[in-house]
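Student: The following block contains a protein sequence and its predicted model.
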Amino acid sequence: MATKINLSLPIFLFFLLALFSTLACAKKETEVAADPELKTCKHQCLQQLQYTKADKQICLQSCDMYHGLKHEHEEQTEEKIRKKKKHEGTTQEHDEEEESGEKEEEGEAEEGGEEEEEYPYIFEENCDFDTKVETEDGRIRVLKKFTEKSKLLKGIENIRLAILEARAHTFVAPRHFDSDVLLFNIKGRAVLGWVKESETEKFILESGDVLAIPAGTQVYIINRDENEKLFLAMLHIPVSTPGKFEEFFGPGGRDPESVLSAFGWNVLQAALQSPKGELEKLFEQQNGGSIFQISREQVQKLAPKKTSWWPFSGPSTAEFNLFTMSPTFSNSHGTLTEAAPSDSRSLLHKHNIMISFTNITKESMSTILYNSHATKIAMVISGKGGLQIACPHITSRSQTKHEKSSPSYHRISAELKPGMLFVVPPGHPFVTFSSRKENLQILCFEINARDNKKFTFAGKDNIVSSMDDPAKELGFNYPSKIVNRIFDRKESLFFPFQLPRQGRDRRADA
Amino acid sequence: MATKINLSLPIFLFFLLALFSTLACAKKETEVAADPELKTCKHQCLQQLQYTKADKQICLQSCDMYHGLKHEHEEQTEEKIRKKKKHEGTTQEHDEEEESGEKEEEGEAEEGGEEEEEYPYIFEENCDFDTKVETEDGRIRVLKKFTEKSKLLKGIENIRLAILEARAHTFVAPRHFDSDVLLFNIKGRAVLGWVKESETEKFILESGDVLAIPAGTQVYIINRDENEKLFLAMLHIPVSTPGKFEEFFGPGGRDPESVLSAFGWNVLQAALQSPKGELEKLFEQQNGGSIFQISREQVQKLAPKKTSWWPFSGPSTAEFNLFTMSPTFSNSHGTLTEAAPSDSRSLLHKHNIMISFTNITKESMSTILYNSHATKIAMVISGKGGLQIACPHITSRSQTKHEKSSPSYHRISAELKPGMLFVVPPGHPFVTFSSRKENLQILCFEINARDNKKFTFAGKDNIVSSMDDPAKELGFNYPSKIVNRIFDRKESLFFPFQLPRQGRDRRADA
Amino acid sequence: MATKINLSLPIFLFFLLALFSTLACAKKETEVAADPELKTCKHQCLQQLQYTKADKQICLQSCDMYHGLKHEHEEQTEEKIRKKKKHEGTTQEHDEEEESGEKEEEGEAEEGGEEEEEYPYIFEENCDFDTKVETEDGRIRVLKKFTEKSKLLKGIENIRLAILEARAHTFVAPRHFDSDVLLFNIKGRAVLGWVKESETEKFILESGDVLAIPAGTQVYIINRDENEKLFLAMLHIPVSTPGKFEEFFGPGGRDPESVLSAFGWNVLQAALQSPKGELEKLFEQQNGGSIFQISREQVQKLAPKKTSWWPFSGPSTAEFNLFTMSPTFSNSHGTLTEAAPSDSRSLLHKHNIMISFTNITKESMSTILYNSHATKIAMVISGKGGLQIACPHITSRSQTKHEKSSPSYHRISAELKPGMLFVVPPGHPFVTFSSRKENLQILCFEINARDNKKFTFAGKDNIVSSMDDPAKELGFNYPSKIVNRIFDRKESLFFPFQLPRQGRDRRADA
């Protein structure tokens, strides 16, 4: 089945997902006009001349599927808005409200304020970052503290994620952090200068490169590309105050301000044995900001020596490149590449972090799975798609006593687009899927990665299939023969995102 | 002396302790009618025809001893009630209050609210548990967060204890936790199904068995006994949100709800390649709850293969059995069995936890001792008895400046009965003793067990006896000869709970 | 240059620093009469007959330098007072206030109350300690919880520092702590009794000795000197409640109270097999307090055996002596001695702590440096001097968006005198310097010491000199030739605290 996917399906505007992406955190209410959209989608499927009949069928199904997903999402959003309104409800709206609903919500509040915001695990590019540095030529945005988003994220509260963007031919001024830093080159061509004991070591960082920088290390970065922007993800593990890191500029002047300017003139004169006038001049020159444009000649001067310049030759000198290393798992629907703590250098091991990269082929999905120990901090690098996480419903306990003997679960869902982040806590089953248009690429920092195992609910060796039949039968209260037919599947980890063929005979042609 | 204990002393109602056990957390004021009780106790001692004179003397002493303890406890309780009333005191009661007493309490309050509730280390079966799951056939109760009880327990805030009870022939539905779990079979005969990569491994768990289950592992449990209830203690070490764990049901339906039902139908259809109708049916069947009764045939189907059924043959397959392993220490008054981190498999070692089991013979006591590093989470498995912990009095510091140069200590005391829990922090001396009627059995999880040492105040190698004479003399401001006579004792760890023989010559016959 | 320092410069009253030391935490406003002071200082320089011309020049420069530092400090203090007044400003003062200033401060407050007190890293001997024990013959003072001082110190919140002072010939009564203890003998001659399994081991502790005492260990201490006070620093790492430790007296009576007195008489009688009357007597004798004077004979009895008494012979039996071990670095301006985790016994290693000792020769300074990972808890042992720490200004972020692309840094400065403590977080550059009168001796506990590196801004291999010229030039926006001339310097770590020779030719004679 999976082999029948026609990868040459033409790129036509995947307007549904495009529409999704406008449902940003500002959360303007979307105009629901689903039916015409669905019609257009299907119409376009049928008009693709190069499609085989099977292709067209798949295309039509996909329209239904995405339409369905979008609809589900809108319903959830509407319900949220409704709930919110209820909360903010003034006396004017009082009459329209159900008394019973009111009571339920009060019951939740009594649980001790544990009711988190509805999407504790989803971080929007525009709402959940603070801009720490912004110049004409670049910026550094820092994701808000995880515990600021939700107390449920206390387990990763010491970790901070920053994104550096720098325009072509820019210089990111030398600085050090009071945090260990895991640097990942999302996109672009960089040179990193690492000031070592008596000289500066240069690192060439291509897309996918990973470099671990211990706290206190003086580093500068240049975007050596003439045209393209540079995007770096920097995972900070603070060593001073938990969850808080600072940058310190050594060289600098007024902007960036040199940290040396905090010392008294007498101290500086005695330490540097230079008259005050000379020092005053030194600390007045730099006004360019902490990220600024430089000339092509300056870029060339900063380039590593003994390599023929432009383009760089020689191998990347990063610790490893996540995009080129051999994947942990791969099939035609996706690729998973993991840099496990034991494989890599000390900082990953010291902080018990694994970096992984998932590439989901277009129109595909990952299986439903959960991690046993790792908390996943995931960032969409390219492509669009969707995410669903199953969460034990926080309000379930109050109901438990009266109605049920177990928690109920709610769905956290989000459309994925580049720059979005999400967190998946251990134990929580989740699924990601790509759009029809492009592959979905996700970078993950997996915190607490040691001893982590992935458990799946679908595909080879999933935990339902591996259960003995009598337990399965008791668990579902359903004949194990049917349960087995539903859960057994040969593929692993990545599947096509397709509805099943109709009819009972669907397995016949598998 | 200890050897003269007549173990065949008849079992007569140990009414004092029985009475104690009614002093539950509801804390109704007890009717103090001590004298008649004491009379009855002594009367019964004298009427036991089979007692030797020595037996009768011991019996009479025990009456005095328990009477004394009960009296002390009642006084403490009354004082608590008095204090509480003072706190709640309205203006009507104003006149009766001592001004000085008022001030003192205000002084305490100024210490920054560090005044904890009076029994921060004692957990009652009925008051300090939340019922997480309750069906007709079983329940899971979870001990409240330790820090909810007292900020003093911050050191063990990430740990949660749950007790599973299941009636005969029940099935505890398959689930996984976002926590590493140390499972201890308190009582009963269980089979645990552990879903591994491509099959389900079965574990036979007898009373005393310990099994470590890593987070994310899919497990189910059956009580295979036809008559007896099953009691399991489960120590959870959460891996997601500190101090918080959840259960996730894979197989399930409406109750327990399958975690899969949180996903959208499109995701489920694509992942499981089954039509929506079939999936809807699957997730509607189970309404039995998360613990439910099953037939003898179903129990038999779930039993491990290749063993002749009923009764189970073959050895227990748990990691170890605390009840049958050779004890660390044993004498006629008690037995201590320790499963130290280095002896055992990874989870105990990883979390630096030791599991121990103490069996105090009836009418016996443990020595006064403290742990150097371990915090003891103890649970009474069977028998009755008492506990005393010495605590640095939190209010002492305000007085220190004026009156004394050192803290004063208060006693935390509790009567022990099955199901009660207590915590003993490191450094705090404590003592436990059994009733006259039955052995007292205590299960302990010792947190932060590495490098832990036990230091005793009585018995062989106690820390007073081991001190050089001049220091001892200065410490007590008393002749070392007398101090030595008081502290020297040959026995270790467990003693008879008897008053000393009268007179100075008591050592003569030792 | 450094070699020309005349170490025989006479000791004359360094009145400026003496004046500084009166600027204690009570913070009375100082009478600013700087000019006459400066005149007197210079006058004294010129009158020293034995000075060479060069000596006199250095002396005059030093007057200027210290005058300048003092002036800077006063300005900061005044500004603080001004700010504070503004905060407390009532409506009467309203008119005089600048509207813009007001707004700025409000902006800070909105940052979420992160505005810490102005000197979060400086601890005064008189203000920041609680007296835990005080008798006529000694006292134990405990530094307030670091997080009580500032939330920025959360990283070391579990650590507590205590200072024990005991007069000549005193006995510090036997006790144990619920904390691992790193003991450092600041000054004096002590014997420590360590109660082991069946005997008491005696340790002779001279100044500079370090001893690690695991939690729960019963210890007593005697000051064996006939005249001199004993000063011990004790770094507590609590094992029970984080950030909280208690002392427990085993031997004792009423004062110190024996922890045994918390147990019921029946328990004590049964455990110690002694009649109540005897026990009552035992626990009534000691009223001497937890630190009390003893006779010379008693001191001798407590001394280690098999050494000829008075003076002690034989080597110190501490783990190591920080004052006598070979230094990590030494030049004529200072000495650094480090006892790294790998060198030493388990407790340092277990808690990842390094103990170090810095001796800055008079009229000298340490280089400007920062630690990569370690948080420094430093205590001035002897001498006077100054400290400056560069801190990222907490209020800078609100301005960043509008004015600059980087943080600004403020200076935390303090005069150092014996008994003062300061904390330097990792990443934060700092400098310490001695007075003209005496060497400055600083004891440091370096928390999180593993993988720590020191990075310097001046002296051999400093991070500016080690940067490649193009980056340096871009960083400062200044010709690298001048930057190099300013930053290159042959000496390492410790320099003379002197202003540079005037004129461009200063390097000529280097």
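Tutor: On my side now, so go ahead. Residues are numbered from 1 along each chain as shown, chains lettered A, B, ... in the order given.
Student: Where do the helices of chain A begin and end?
Tutor: Counting by DSSP state H, chain A has helices at residues A:15-20, A:34-47, A:53-88, A:99-110, A:146-149, A:265-272, A:276-282, A:296-302, A:346-350, A:396-400, A:469-476, A:480-487.
Student: Select from those helices the stretch with the lowest mean pLDDT.
Tutor: Across those, helix A:15-20 has the smallest mean pLDDT, namely a mean of 32.
Student: Break chain A down into its domains, please.
Tutor: Taking automatic domain parsing as the criterion, chain A consists of the domains A:2-88+A:101-110, A:125-249+A:290-319, A:321-507.
Student: Relative to residue B:499, which of the ones you listed is closest?
Tutor: domain A:321-507 (48.8 Å; CB to CB). The C-beta positions use only the backbone N, C-alpha and C, and glycine is treated the same way.
Student: Tell me which stretches of the stretch 301-450 of chain A form strands.
Tutor: Counting by DSSP state E, counting those that start in this stretch, one finds strands in the stretch 301-450 of chain A at the ranges A:320-321, A:329-331, A:334-339, A:353-360, A:364-366, A:369-371, A:375-382, A:385-392, A:409-416, A:421-424, A:430-434, A:440-447.
Student: The fourth one packs against which elements?
Tutor: Translated: strand A:353-360. Strand A:353-360 sits against strand A:179-187, strand A:334-339, strand A:430-434, strand A:440-447, with contacts defined as 3 or more CB pairs under 8 Å, 6 or more residues apart in numbering or on different chains; DSSP states H and E.
Student: most packed of those strands?
Tutor: strand A:430-434 (a mean of 27; mean count of other CB atoms under 10 Å in any protein chain shown).
Student: Can you tell me what sits against that one?
Tutor: Strand A:430-434 is contacted from outside by A:358, A:360-370, A:383-390, A:416, A:424, A:440, A:442, A:497, B:263, B:267, B:270-271, using CB atoms under 8 Å, 6 or more residues apart in numbering or on different chains.
Student: can you tell me the average pLDDT over that strand?
Tutor: pLDDT averaged over strand A:430-434 gives 97.
Student: so how far is that strand from its chain's centroid?
Tutor: 12 Å (CA atoms, centre = their mean, to the nearest Å).
Student: That one versus strand A:440-447: what angle between them?
Tutor: 150 degrees (axes from the mean of the first three to the mean of the last three CA atoms, to 10 degrees).
Student: Strand A:430-434 to helix B:265-272, inter-axis angle?
Tutor: 90 degrees.
Student: burial measure for residue A:127, as a count.
Tutor: 12 (other CB atoms under 10 Å in any protein chain shown).
Student: circling back to that earlier point, residue B:168 is nearest to which of the helices and strands packed on strand A:353-360?
Tutor: That would be strand A:430-434 among these, by CB to CB, at 38.3 Å.
Student: any idea how far residue A:434 is from residue A:193?
Tutor: Going from residue A:193 to residue A:434 by CB to CB, to the nearest Å gives 37 Å.
Student: same question, residue A:480
Tutor: Taking CB to CB, one finds residue A:480 at 33 Å from residue A:434.
Student: OK, contacts around the spatially most central residue of chain A?
Tutor: A centroid search over chain A (CA atoms, centre = their mean) returns residue A:379, at 1.5 Å, as the residue closest to the centre. Contacts for residue A:379 (CB under 8 Å, 6+ apart) come out as A:161, A:186, A:233, A:419, A:420, A:421, A:442, A:443, A:444.
Student: The second one contacts residue A:381, doesn't it?
Tutor: So the one you mean is residue A:186. Yes. Counting by CB atoms under 8 Å, residue A:186 does reach residue A:381; the two are 5.7 Å apart.
Student: shared neighbours, these two?
Tutor: Counting by CB under 8 Å, 6+ apart, the shared contacts of residue A:186 and residue A:381 are residue A:443.
Student: sorry, back to before: to residue B:123, which of the helices and strands packed on strand A:353-360 lies closest?
Tutor: strand A:440-447 (32.3 Å).
Student: That closest one pairs with which strands, parallel or anti?
Tutor: Sheet pairing for strand A:440-447, assigned by DSSP bridges, gives strand A:353-360 (antiparallel), strand A:375-382 (antiparallel).
Student: I'd like those strands as a markdown table, with mean pLDDT appended.
Tutor: Formatted as a markdown table, those follow (pLDDT from 0 to 100):
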| stretch | mean pLDDT |
| --- | --- |
| strand A:353-360 | 96 |
| strand A:375-382 | 97 |
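Student: Can you tell me which of the ones you listed is nearest to residue A:170?
Tutor: The nearest among the strands paired with strand A:440-447, by CB to CB, is strand A:375-382 at 21.0 Å.
Student: Which positions within the closest one qualify as buried?
Tutor: A:375, A:376, A:377, A:378, A:379, A:380, A:381 (16 or more other CB atoms under 10 Å in any protein chain shown).
Student: what angle do it and strand A:385-392 make?
Tutor: Relative orientation of strand A:375-382 versus strand A:385-392 (the same axes, to 10 degrees): 160 degrees.
Student: you'd agree residue A:226 is up against residue A:169?
Tutor: Yes. The criterion here is CB under 8 Å, and residue A:226 meets it with residue A:169 at 6.2 Å.
Student: Any stretches of chain A with poor pLDDT?
Tutor: Applying pLDDT under 70 to chain A flags the ranges A:1-38, A:40-41, A:44-45, A:48-52, A:54-118, A:305-316, A:341-345, A:393-405, A:502-510.
Student: re the thing from before, hey, what's the residue nearest to the centre of chain A bridged with?
Tutor: Bridge pairing for residue A:379 - DSSP bridges - gives residue A:421, residue A:443.
Student: and residue A:254, how many neighbours does it have?
Tutor: Applying other CB under 10 Å, I find that residue A:254 has 18 neighbouring residues.
Student: again, but for residue A:467
Tutor: 28.
Student: now swap in residue A:436 and tell me
Tutor: Neighbour count for residue A:436, taken as other CB under 10 Å: 23.
Student: buried sites along stretch A:251-268?
Tutor: For stretch A:251-268, a neighbour-count test (16+ other CB under 10 Å) marks A:251-268 as buried.
Student: oh, I was asking about stretch A:283-303
Tutor: Quick answer for stretch A:283-303 (16+ other CB under 10 Å): A:283, A:285-286, A:288-294, A:298-299, A:301-303.
Student: which ones among the residues you listed come in contact with chain C?
Tutor: For chain C, the contacts drawn from these by CB under 8 Å from any CB of the partner chain are A:285, A:286, A:288, A:289, A:290, A:291, A:294, A:298, A:301, A:302.
Student: Surely the fourth one and residue A:256 touch.
Tutor: Yes. Taking CB under 8 Å as the definition, residue A:289 is a contact partner of residue A:256 at 6.8 Å.
Student: Of all the residues in the stretch 1-150 of chain A, which one is nearest chain C?
Tutor: residue A:135 (4.4 Å; CB to the nearest CB).
Student: Return the residues in contact with that residue.
Tutor: With contacts defined as CB under 8 Å, 6+ apart, the neighbours of residue A:135 are A:289, A:290, A:291, A:292, C:405.
Student: Likewise for residue A:290?
Tutor: The contact partners of residue A:290, taken as CB under 8 Å, 6+ apart, are A:133, A:135, A:172, A:173, A:175, A:247, A:249, A:252, A:255, A:256, C:405, C:406.
Student: partner residues bridging the fifth one?
Tutor: Which is residue A:175. With DSSP bridges as the rule, residue A:175 is bridged to residue A:219.
Student: what's near enough to touch it?
Tutor: A:218, A:219, A:220, A:247, A:248, A:249, A:250, A:256, A:290.
Student: Distance of the third one relative to residue C:438?
Tutor: When CB to CB is applied, the distance between residue A:220 and residue C:438 equals 42 Å.
Student: can you check the second one too?
Tutor: In this structure, residue A:219 and residue C:438 are separated by 40 Å, where distance is defined by CB to CB.
Student: What of the first one?
Tutor: In this view, residue A:218 and residue C:438 are 35 Å apart by CB to CB.
Student: got it, and the last one?
Tutor: Per CB to CB, residue A:290 is found 42 Å from residue C:438.
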